[in-house]
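Visitor: Build me a structure from this.
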Amino acid sequence: MRDRAESRQGKQGLIIAIDGPAGVGKSTVARLLALRLGYLYLDTGALYRAIAWKVRDAGLSPDDRASIAALLPETTLRMACGPEQAHVLLDGRDITGELRTPAVTALASMVSAIPAVREWLLPVQRQIGAEGCVVAEGRDIGTKVFPEADMKFFLEADPEIRATRRHRELVAAGHAVQLDETKRDLTGRDERDRSRTVAPLMPAPDAERIDTSSMPAEMVVEHMMAVITAKL
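Guide: Next up is the predicted model:
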């Protein structure tokens, strides 16, 4: 597969975009697909979580958009990407292990709706994917970040199943949250993601849509590989 990708684009490999709301299995599928292809895995959501982490650390309200925008020029953000996990370094500090708490997750959804944040992060994401050979997942990868991506997928699933998956992840990570609370958080997050004025969550017109409600991650990856192989 890699030889075919390189022959198609010279020295560069493919850019594969995976979008969709929370709880559809994007992260798991993207990591597995990256491993299968020998590509880098780019978790763009971690970049927004990093900004949210800094906003929280600074004691700022997510409504204080001017102050949040003022933080950005003073911020250095790097992502050390790998096929299994990406480490996020904010202002020289590795904060990877602090990005998945419910508080940071909720704040990231609000911060990601701020146009200044999205514009500031856009070149950061594009630079990581500039050389190709990357599987990038997020909410606007195929529509905004890499609109010319070679392959685009949009994952979706039943809301109840998504909430259950997300709740299971949180509990496994040691967070004491109730399923109803997780459902409310996902509903609010969906609304913010779909209604924001800049790069709202939506499938790219040329994206392959996959309903993961009854599909294990490995089956989703097999389906993606079949689509990729057919298009090369």
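Visitor: So for the residue positioned nearest the centre of the chain, what's the nearest residue that isn't a sequence neighbour?
Guide: By CA atoms, centre = their mean, the chain has its centre lying nearest to Gly138, at 2.6 Å. Nearest residue to Gly138 in three dimensions, chain neighbours excluded: Thr44, at 3.7 Å (CB to CB, 6 or more residues apart in numbering). To be clear about C-beta, it is placed using only N, CA and C from the backbone, and glycine gets the same treatment.
Visitor: and the one you found, how many neighbours?
Guide: 27 (other CB atoms under 10 Å).
Visitor: Report the contact partners of it.
Guide: Counting by CB atoms under 8 Å, 6 or more residues apart in numbering, Thr44 touches 121, 125, 136-138, 141, 145.
Visitor: and the gap between it and Ile18?
Guide: Distance, Thr44 to Ile18, using CB to CB, to the nearest Å: 10 Å.
Visitor: that older thread, let's see which of the contacts of Thr44 end up in helices.
Guide: Per DSSP state H, helices hold the following members of the contacts of Thr44: 121, 125.
Visitor: Pick out the most distant pair among the contacts of Thr44.
Guide: Leu121 and Glu137 (14.5 Å; CB to CB).
Visitor: quick revisit: how confident was the prediction at the residue nearest to Gly138?
Guide: As predicted, Thr44 sits at a pLDDT of 90.
Visitor: so how far is Met215 from it?
Guide: For Thr44, the distance to Met215 - CB to CB - is 23 Å.
Visitor: Next: Ser112.
Guide: 27 Å.
Visitor: list the buried ones in stretch 57-70?
Guide: Buried residues in stretch 57-70, counted by 16 or more other CB atoms under 10 Å: 60, 62, 65, 68.
Visitor: Now for the contacts of Thr44, which sits with the most neighbours around it?
Guide: Busiest of those [other CB under 10 Å] is Ile141, holding 31 neighbours.
Visitor: isn't it right next to Ala149, touching?
Guide: Yes - the pair Ile141 / Ala149 is scored as a contact, 7.0 Å apart, by CB atoms under 8 Å.
Visitor: Mind listing the shared neighbours of these two?
Guide: Ala17.
Visitor: will you turn the contacts of Thr44 into TSV that also has pLDDT and distance to Leu107?
Guide: Shown next, in TSV, are these (pLDDT from 0 to 100; distance: CB to CB, whole Å):
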residue	pLDDT	distance to Leu107
Leu121	95	15
Gln125	91	19
Ala136	95	22
Glu137	94	20
Gly138	92	17
Ile141	96	21
Val145	95	21
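Visitor: Among the contacts of Thr44, which are located in strands?
Guide: Taking DSSP state E as the definition of strands, the contacts of Thr44 contribute 136-138.
Visitor: need those in TSV with distance to Arg100, can you?
Guide: Converted to TSV, the ones in strands among the contacts of Thr44 look like this (distance: CB to CB, whole Å):
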residue	distance to Arg100
Ala136	19
Glu137	15
Gly138	15
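Visitor: Going by distance to His223, which of these wins?
Guide: Distance to His223, by CB to CB, is smallest for Glu137 among the ones in strands among the contacts of Thr44, at 15.7 Å.
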